[in-house]
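Asks: Build me a structure from this.
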Amino acid sequence: MDWTGISRTTVLCLSLGFCVSSNALAAPTDAQCDARSNDTQSLLLECVQQKSLWKHLSVFQSIADQNPGKNGHGNRDTGTPGYKASAQYVAALMRQAGYTVTVQSYNWTDFNVDGEPIFRTAARSYTLSQDWFVARLSGSGTVTAPVQPVGRNGAAAGDESISGCSPADFTNFVPGHIALVQRGSCGFDTEVENAEAAGAVAVVICNSAGTSGEAGGKERSDGGAFRAMLVDTANIPVAGVVSYALGAELARQYGAGSPTEAHLDIRTRRTSDVDYNVIADSPFGDAGKIVVVDAHLDSIYGAGMLDNASGSTTILEIALKMAHTKTQNRLRYIWFGGEELGLLGSHYYTRNLSQKDLHRIVFDIDVDVTATPNFDILVADPANAFNVERFPPNVVRNSRVGNRDFADYFRSAGILSRNARFGNDGTDSNAFSLVGVPDSGILTQQDCCKKYWEVDLWGGFPGDYEGKVPGFGGACVDKPDRWCDNLSNNDPFVLEFVSKAVAAVTLKLSNDPSLKGIAPE
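Replies: Below is the predicted model:
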């Protein structure tokens, strides 16, 4: 679809087949919506309004602007005053609305790279932040050694046998070499741990062909470099993630009998800091059957308006509009910290619940990016996660109800949705999957690159989902040198209709008696 000369609202009405109006006749005021019980879908959805959503999103922008980082740009990153102010804003509104609010603090490891890291071979030197990144929590060191892909003795990159997820992948690995591992079906920490145990002096993580590429695992299809986020500290230098093309070439050279010798020089520094999750419990519903609705509140490299003040705004507005709504299951809203650094807040939360409290959680709805201008509508199905084999067997089966609820709502509204190919990787629902809690979620995409078949489904343009649209390589999210994920990087119309979808699913699951959680069937 060509959007030239057509208004944004008209385009969305055409591509979606319906229109959402914030100016409907006799629409209740925001104050009326906050005060009443919105216990039916029609009542709730007429109260999820663009004006109020945009007001909250604008506050997050103001918070970022009032708390600039060292570079002078607005900042809400983990560990910054902007993040703490964002948490205080959410907590105050939720307390005023009658929720029981807990600000959960936890320790995390801050990570800094000293000097100018080096990654080079005899053929070329690789540019930091363009060709490669230093993995978060990488170890320090200077090494010069051959690069050896793990697995079947030099199998080509793209073969899952070189993922490094199993110690068996390192059977023929030569101690003292640099291990080349591919983003696979397990976390980066597992790959690095296996490489260290096999005697690798460093690790180079390469992207896999045609899969996610953005920090934290969100989907992008250009196969480019992105920053790997380790949860546990490594003892050896870790470069990652390099592009699939570079990984394939290094693997090809090894397979041809002429392994590439690489030089890595990485100096890192770690300090301890405190981070926060904001947890708000409704007074209504069965405390033994809790539905969690979560979004990550932190940004990375700036204001983080699309990723993820948009999702944080969505669940904040739903919580305020359901503050006086009685439900069968109890609703718990959580704004997590540290998601961009490796799901730190959600992992801390799920891993520190008692077994009794864990069994009370019957479902998790994750809301990560809800206002993408050149959008897709993707449902985060754990069945498609890269590490799905690590989930307890109930997770995929019992998550289907949430996936169906999202699909049913979008279908009823005349909007096409698809289950995301990346499952729930790199977003906080993955932490719930790992401990056995069924989950679903929503994502409207980010970065690059939207394909022609996606344009056929949702309209818009090929290329960037946000940032420079139309265009390629001009997106804003998670980029350390662009600082453009600001309010203007969000579409208010998309924010409204996606927030309505999340509201509908939240209301439905909060009254669904069939939810099983991690309890055996």
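
Asks: so which strand or helix has Asn112?
Replies: Assigned by DSSP states H and E, Asn112 falls within strand 100-121.

Asks: Which strands or helices does that strand pack on?
Replies: helix 81-96, strand 261-281, helix 344-351 (3 or more Cβ pairs under 8 Å, 6 or more residues apart in numbering; DSSP states H and E). (C-beta placed from N, C-alpha, C; glycine too.)

Asks: ranges for the strands of the chain?
Replies: 100-121, 141-149, 178-182, 202-206, 238-242, 261-281, 286-296, 329-336, 361-367, 378-379, 418-419, 439-443, 448-450, 463-464 (DSSP state E).

Asks: and these as TSV, adding mean neighbour count, distance to Ala501 and mean pLDDT?
Replies: Shown next, in TSV, are the strands of the chain (neighbours: other Cβ atoms under 10 Å; distance: least, Cβ to Cβ, whole Å; pLDDT from 0 to 100):
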stretch	mean neighbour count	distance to Ala501	mean pLDDT
strand 100-121	15	26	94
strand 141-149	19	43	96
strand 178-182	30	35	94
strand 202-206	28	35	94
strand 238-242	28	32	90
strand 261-281	18	21	95
strand 286-296	23	13	97
strand 329-336	25	17	98
strand 361-367	28	10	98
strand 378-379	23	10	96
strand 418-419	16	14	94
strand 439-443	28	7	96
strand 448-450	23	20	92
strand 463-464	24	23	96
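
Asks: And the spatially most central residue of the chain, how close does it get to Asp447?
Replies: By Cα atoms, centre = their mean, the mean C-alpha position of the chain lies nearest to Thr427, the distance being 3.5 Å. Separation of Thr427 from Asp447 (Cβ to Cβ, to the nearest Å) stands at 14 Å.

Asks: try Asp34
Replies: Distance, Asp34 to Asp447, by Cβ to Cβ: 35 Å.

Asks: These two: which has the busier surroundings?
Replies: Comparing Asp34 with Asp447 by other Cβ atoms under 10 Å, the one with more neighbours is Asp447, at 30 against 19.

Asks: any idea of the pLDDT on the residue of the chain positioned farthest from its centre?
Replies: Relative to the C-alpha centroid of the chain, counting by Cα atoms, centre = their mean, Gly257 is the outermost residue, at 39.5 Å. pLDDT, Gly257: 89.

Asks: do the same with Thr211
Replies: pLDDT, read off for Thr211, is 44.

Asks: Ok, Asp478 next?
Replies: With respect to pLDDT, Asp478 scores 83.

Asks: hey, where'd the helices end up in this protein?
Replies: Under the criterion DSSP state H, the chain contains helices at 8-16, 30-35, 41-47, 50-66, 81-96, 188-197, 244-255, 311-321, 344-351, 355-360, 394-412, 429-434, 452-458, 492-510.

Asks: I'd like to know which of those helices is closest to Pro237.
Replies: helix 188-197 (10.3 Å; Cβ to Cβ).

Asks: can you list the helices and strands packed on strand 100-121 in JSON lines and add distance to Leu297?
Replies: What follows is the helices and strands packed on strand 100-121, written out as JSON lines (distance: least, Cβ to Cβ, whole Å):
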{"stretch": "helix 81-96", "distance to Leu297": "5"}
{"stretch": "strand 261-281", "distance to Leu297": "7"}
{"stretch": "helix 344-351", "distance to Leu297": "8"}
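
Asks: which one of the ones you listed lies closest to Ala245?
Replies: strand 261-281 (15.7 Å).
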